[in-house]
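Peer 1: next input, structure requested:
(one chain, ligands or ions: 2)
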Amino acid sequence: MKNSRKIAVRAALEAGRLLKERLGDVRTIDYKEAYNIVTDVDKASEAKIVSIIRGEFPDDDILAEEGGFTEGAGLNRRWLIDPLDGTTNYAHTYPFFSVSIALEEAGKRILGVIYNPMTDELFWAEPGEGAWLNDEKISVSDLKELNSSLLATGFPPDTAKAVRSNLLQFKTLTDRTHGVRRDGSAALDLCFVACGRLDGFWEMKLAPWDIGAGSLIVEEAGGRVTNLSGGPLDIYSGHILATNGKIHDDLTEALVAIEKEDSKKRH
Ligand code: 2AM
Ligand code: CA
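Peer 2: Ligands and ions are numbered 1, 2, ... in the order given. A predicted model of the protein is given here:
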């Protein structure tokens, strides 16, 4: 049996090196929709990852951001690939982006690998193996008070159109905590929760390749990951709340209350 982790790590490192080399050298930017960009580097990074994974595991399913879904030979193994999480940052040379690769088997996440090539930080997790940053085991923060937490979120790319725009959540929680960061790579935000740099993260309307790997890394680092109302996480639903566990109930309660207030205002 080939080692899926070794191969995912190799793919993430190779793709990450390409991203680092090409930073500032984006040649084409296409618009998938009016607000949603893809660069030639996203595509080059994905081609590299897919060729490594397909070369080693030709029978596995692949769901990749740019190429979509390719069915394998019915083994019930599916790779979730984001070749560049934080494309908008990348296109502007803002150095906060990553490569994210997850593997599902029979619908369960069994591997998550995320690489930040700018800091040379490789995060990975497997069920029961803990979560790792390079050679060190990582764990979530010990902080218990929502008031003194540092959080992160992101905004759906169609914010202008979206009814649930997350702005009231952002404002209210900015006032109630040490702060809410908006850094533009959900995969890295999740890694930051896993290693205690952040205490919590929430976002809506994400894709499974944005959160497949990071959600497992947070869980294995001792954190808790749910939907926005505290129910079971479904990475295909797009909504995620990940914390160190200790502030989870308070943050869930706050998000639910803010959403209620916001929807009252809208009706
Ligand atoms: P991306 O850079 O891979 O697109 C930022 O808040 C997060 O939203 C990033 O992880 C970004 O991933 C993601 N994102 C941006 N546009 C998106 C879209 N159209 N659908 C889902 N996620 C998106
Ligand atoms: Ca992407």
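
Peer 1: from here on, just use CA atoms for contacts and neighbour counts.
Peer 2: Fine.

Peer 1: for the closest residue to ligand 2 within the stretch 151-267 of the chain, give me its contacts.
Peer 2: Nearest residue of the stretch 151-267 of the chain to ligand 2: Asp210, at 7.4 Å (C-alpha to the ion). Contacts for Asp210 (C-alpha atoms under 8 Å, 6 or more residues apart in numbering) come out as 82, 85, 100, 186-187.

Peer 1: and what of Arg54?
Peer 2: Contacts here follow C-alpha under 8 Å, 6+ apart; on that basis Arg54 touches Asp60.

Peer 1: and for Ala91?
Peer 2: 24, 26, 39.

Peer 1: would you write a PyMOL line that selects the buried entries of those?
Peer 2: Selecting only the buried entries of the contacts of Ala91 in PyMOL, with 16 or more other C-alpha atoms under 10 Å as the criterion:
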select buried, resi 26+39
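
Peer 1: tabulate the contacts of Ala91 (JSON lines), appending secondary structure.
Peer 2: As requested, those are exported to JSON lines (DSSP: H, G, I helix; E, B strand; the rest coil):
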{"residue": "Gly24", "secondary structure": "coil"}
{"residue": "Val26", "secondary structure": "coil"}
{"residue": "Thr39", "secondary structure": "strand"}
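
Peer 1: among the contacts of Ala91, which one lies nearest to ligand 2?
Peer 2: Ligand 2 lies nearest to Thr39 out of these, by C-alpha to the ion, at 9.5 Å.

Peer 1: and which of the contacts of Ala91 is nearest to ligand 1?
Peer 2: Ligand 1 has its nearest neighbour among those in Thr39, at 10.4 Å by C-alpha to the nearest ligand atom.

Peer 1: now do the contacts for the closest one.
Peer 2: 26-30, 87, 91.

Peer 1: sorry, back to before: check which helix or strand the residue of the stretch 151-267 of the chain closest to ligand 2 maps to.
Peer 2: For Asp210, the host element (DSSP states H and E) is helix 208-220.

Peer 1: tell me the first helix or strand C-terminal of that helix.
Peer 2: strand 224-226.

Peer 1: what residues does that following strand touch?
Peer 2: Under C-alpha under 8 Å, 6+ apart, the answer for strand 224-226 is 215, 218-219, 232-234, 240-245, 248.

Peer 1: which two in these are spaced the farthest apart?
Peer 2: Farthest apart among the contacts of strand 224-226 by C-alpha to C-alpha are Asp234 and Asn244. That separation is 18.6 Å.

Peer 1: looking at the two now, which is surrounded by more residues?
Peer 2: Asn244 (27 against 15; other C-alpha atoms under 10 Å).
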